[in-house]
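Student: the following block contains a protein sequence and its predicted model.
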Amino acid sequence: MGHDHGHDHTHGANKKALLISFIIITGYMIIEAAGGFITNSLALLSDAGHMLSDSISLGVGLLAFTLGEKVANYSKTYGYKRFEILAAVFNGVTLLLISIYIFYEAFQRFTEPPEVASTGMLIIASIGLLVNILVAWILMRGGDTEENLNLRAAFLHVLGDLLGSVGAVTAALLIMFFGWGWADPLASVIVAILVLISGWRVTKDAVHVLMEGTPKNVNLDDIINIMENVSGILSIHDLHVWSITSGKNALSCHAVVDGGLSIQDSQNLLRKIEHELEHKGIGHVTIQMENKEHPHDDSLLCQIDHESSHHQHDH
């Protein structure tokens, strides 16, 4: 129970950090976009575009946390926790599209750099930088940016944004002191590269969860050793480890046990394994016990592919 309580606590903290960040970022994004149009700065506009993606990211993240709280029902037996991962995919793809658009715009501007009102650009970019530092701090302090994919996506957005603001400030100074008009599109290209990288990472991680991939923080060899070292278990097979959502990992397998075990012994065996696996970050464990006299197919990983290839040979 203590474990669940801890999870609820971080969940609440994550949600609060997201809400505060969402309000601040959305408010400043509108100011920055207006400033970009007025000063004619692509670096500001691309930073505002990145902030828009932040704002969407934080908003969708909030929605995901709220939906994720909905209780499991007969049609969604895991509840709505996966929505968080879908939100992360949406986020990642949005970032990729934004970066492509910024590249295109910057290319146009390199060929003929327009006039930029550099003083206005400097003021707006500097405030943007402070806003991003504040939001990054709120997310770092208030939320779990390590384990939670949704919050990490939002945090990466904000970090990219922070660097984008640094770029815009630098570009404004270069235009003011040296009249280098190309510094503006160059700063926007740097932002676009950052956006592209964070978008790709978030998308890749989220797709890995949707494909039921083994969670990054789980070492399968470790898990197998732990289970096979429990006395009474002869071997395990049909092993699956996957994530339901960020920080919620599940495992299912078949365990071949000594035929002489009583029901009570089997129960104790299960408790022991569950306890061991909880320390390894797996909270949801399903184990099917089997006698060594009537074993299942004993391959360690799943037999689905094996069975389908048998079917094809039969036909």
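Tutor: Done, it's in.

Student: any idea which residue of the chain is furthest from its center?
Tutor: Centroid-distance maximum for the chain: Gly260 at 45.8 Å, with C-alpha atoms, centre = their mean.

Student: secondary structure class for it?
Tutor: coil (DSSP: H, G, I helix; E, B strand; the rest coil).

Student: same deal with the one 4 residues further on?
Tutor: Secondary structure of Gln264, reduced to three states by three-state DSSP: helix.

Student: where does it land on pLDDT?
Tutor: pLDDT recorded at Gln264 is 81.

Student: low-confidence bits of the stretch 101-250 of the chain, can you list those?
Tutor: Within the stretch 101-250 of the chain, the stretches with pLDDT under 70 are 143-150.

Student: residues near Ser126, how many?
Tutor: 15 (other C-beta atoms under 10 Å). From N, CA and C alone the C-beta is placed, and that goes for glycine too.

Student: for it, give me phi and psi.
Tutor: Dihedral pair for Ser126: phi -70, psi -40, per degrees, to the nearest 10.

Student: repeat for Lys216
Tutor: Main-chain dihedrals, Lys216, degrees, to the nearest 10: phi -60, psi -30.

Student: which of the helices or strands spans Ile20?
Tutor: helix 2-39 (DSSP states H and E).

Student: before we move on, what about Asn249?
Tutor: strand 248-257.

Student: and that strand, which strands flank it?
Tutor: Sheet pairing of strand 248-257 (DSSP bridges) gives strand 233-245 (antiparallel), strand 282-291 (parallel).

Student: deepest of those strands, which one?
Tutor: strand 233-245 (a mean of 19; mean count of other C-beta atoms under 10 Å).

Student: may I have it exported as CSV, CA atoms only?
Tutor: Presented in CSV, the C-alpha positions along strand 233-245 are these (Å, rounded to 0.1, in the frame of the first residue of the first chain):
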residue,chain,number,x,y,z
ILE,A,233,10.9,-22.8,-8.9
LEU,A,234,12.6,-25.1,-11.5
SER,A,235,12.3,-22.9,-14.5
ILE,A,236,10.3,-20.1,-16.1
HIS,A,237,9.1,-19.6,-19.7
ASP,A,238,6.6,-17.5,-21.8
LEU,A,239,8.0,-14.4,-20.1
HIS,A,240,6.6,-11.0,-21.0
VAL,A,241,7.5,-7.6,-19.4
TRP,A,242,5.9,-4.4,-20.6
SER,A,243,4.8,-0.9,-19.5
ILE,A,244,1.2,-0.1,-19.0
THR,A,245,2.2,3.6,-18.8
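
Student: so how far is it off the chain centroid?
Tutor: 23 Å (C-alpha atoms, centre = their mean, to the nearest Å).

Student: equivalent analysis for stretch 242-255, please.
Tutor: The answer for stretch 242-255 is 17 Å, by C-alpha atoms, centre = their mean.

Student: report the buried residues of that stretch.
Tutor: By 16 or more other C-beta atoms under 10 Å, the buried positions in stretch 242-255 come out as 242-251, 253-255.

Student: same check on stretch 171-190?
Tutor: In stretch 171-190, counting by 16+ other C-beta under 10 Å, buried: 171-175, 181, 183-190.

Student: just to revisit the earlier point, could you check the angle helix 2-39 makes with the strand holding Asn249?
Tutor: Here strand 248-257 runs at an angle of 150 degrees relative to helix 2-39 (axes from the mean of the first three to the mean of the last three C-alpha atoms, to 10 degrees).

Student: now strand 248-257, how far from the chain's geometric center?
Tutor: 25 Å.

Student: kindly export that strand (C-alpha atoms) in PDB.
Tutor: Taking C-alpha atoms only, strand 248-257 is exported to PDB below (Å, rounded to 0.1, in the frame of the first residue of the first chain):
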ATOM      1  CA  LYS A 248       3.800   1.200 -14.200                       C
ATOM      2  CA  ASN A 249       5.500  -2.000 -15.300                       C
ATOM      3  CA  ALA A 250       3.800  -5.500 -15.600                       C
ATOM      4  CA  LEU A 251       5.100  -9.000 -15.900                       C
ATOM      5  CA  SER A 252       3.500 -12.300 -16.900                       C
ATOM      6  CA  CYS A 253       5.100 -15.800 -17.200                       C
ATOM      7  CA  HIS A 254       4.700 -19.500 -16.600                       C
ATOM      8  CA  ALA A 255       6.700 -21.000 -13.800                       C
ATOM      9  CA  VAL A 256       7.500 -24.700 -13.500                       C
ATOM     10  CA  VAL A 257       7.400 -25.700  -9.800                       C
END
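
Student: helices or strands next to the helix holding Ile20 in the packing?
Tutor: Other elements packing on helix 2-39 under the criterion 3 or more C-beta pairs under 8 Å, 6 or more residues apart in numbering; DSSP states H and E are helix 42-68, helix 118-142, helix 149-178.
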